[in-house]
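[1] sequence below, structure please.
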Amino acid sequence: LERAGVDHWGDAWAMCSSARSELHAYPCGLWLLFHSLLAHSKQAFAMQTLYAIVSYVDLFFSCSECAGHFRNLSKALHSDLNELRAIKEPRARTELWLWQAHNAVNARLSKDEADSQYAEFAKEQWPSRAQCAECHDVVMVSSRGSSPSVPVEKGWRKPQVLHFLHRAYCL
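    Numbers count the residues shown, from 1 in each chain. Presented below is the predicted three-dimensional model:
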C-alpha cells in the first residue's frame, strides 16, 4: 500500500457502520459495491454490468428471501429500462434502475421494520430532501383555512438524482 501512496489504512469504515453490523454492514456494503460498479462502468458495458449484478444477487446472495425479492424486481428490468429511454446514456439508465430498485427494497423493508427492534436501520427513500432538495419534485399545497402550505412530494427529478449518484459513488 505504501508504494501506492497509502501510508495508513483506516481502522473504521464509516460508510456502512452501525451498532449491529451483522444486520447492516454486509447488505450496505453490497449496495455500495453495486452502485459504484455501475457508476464506474464504461458506457459500452453498463448493461452487462447491471446484468452481472442481477445474476450475482440471484445466484450468490446468502439471503434466499432477499434474493427472491430482488429477482421479482429484476423481472421488470427490460420494461423499467424502456421507461427510462429519455435518458440517452446506457450507464445512466442502469444507474437509475439500480437506484429505483434500491429504493423499492428500502420501501419494502421499512414496512417490516417500522415497529421492530431495528429502528436504527429504518429504511428511507434516498436521497432524502435534506441530502438533495433538488432531487425531489415538491409542490406546496394549501390546506383548508388559513393554514400554511405544506410540501407534497410529486416524484423524483431523475437528472438531478443522477448527478447526486455521481457525487456519491464516483469516488
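
[2] state the distance from Cys132 to Cys63.
    Relative to Cys63, Cys132 is positioned 29 Å away (CB to CB, to the nearest Å). For every residue, glycine as well, the C-beta is placed using N, CA and C.

[3] settle it for me: which of the two has more neighbours?
    Between Cys132 and Cys63, counted using other CB atoms under 10 Å, the more crowded position is Cys132 (19 against 12).

[4] now stretch 30-47, how far from the chain's geometric center?
    In this view, stretch 30-47 has its centroid 12 Å away from the chain centroid, taken as CA atoms, centre = their mean, to the nearest Å.

[5] what residues sit buried inside it?
    Applying a neighbour-count criterion of 16 or more other CB atoms under 10 Å, the buried positions in stretch 30-47 are 30-31, 34-35, 37-39, 41, 46-47.

[6] all helices for the chain, in order.
    With helices called from DSSP state H, the chain shows them at 21-40, 46-60, 64-74, 77-83, 90-113, 158-169.

[7] so where's this protein shaky on pLDDT?
    Across the chain, residues meeting the criterion (pLDDT under 70) sit at 1-15, 18-23, 112-122, 143-146, 171.

[8] do that again at 90, thanks
    Counting by pLDDT under 90, the chain contains low-confidence residues at 1-29, 61-63, 66, 105-125, 138-154, 168-171.

[9] coming back round to it: any chance of the buried residues of stretch 30-47 in CSV, with distance to Val138 too?
    Conversion of the buried residues of stretch 30-47 to CSV gives the following (distance: CB to CB, whole Å):
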residue, distance to Val138
Leu30, 31
Trp31, 25
Phe34, 28
His35, 24
Leu37, 31
Leu38, 27
Ala39, 26
Ser41, 31
Ala46, 30
Met47, 32
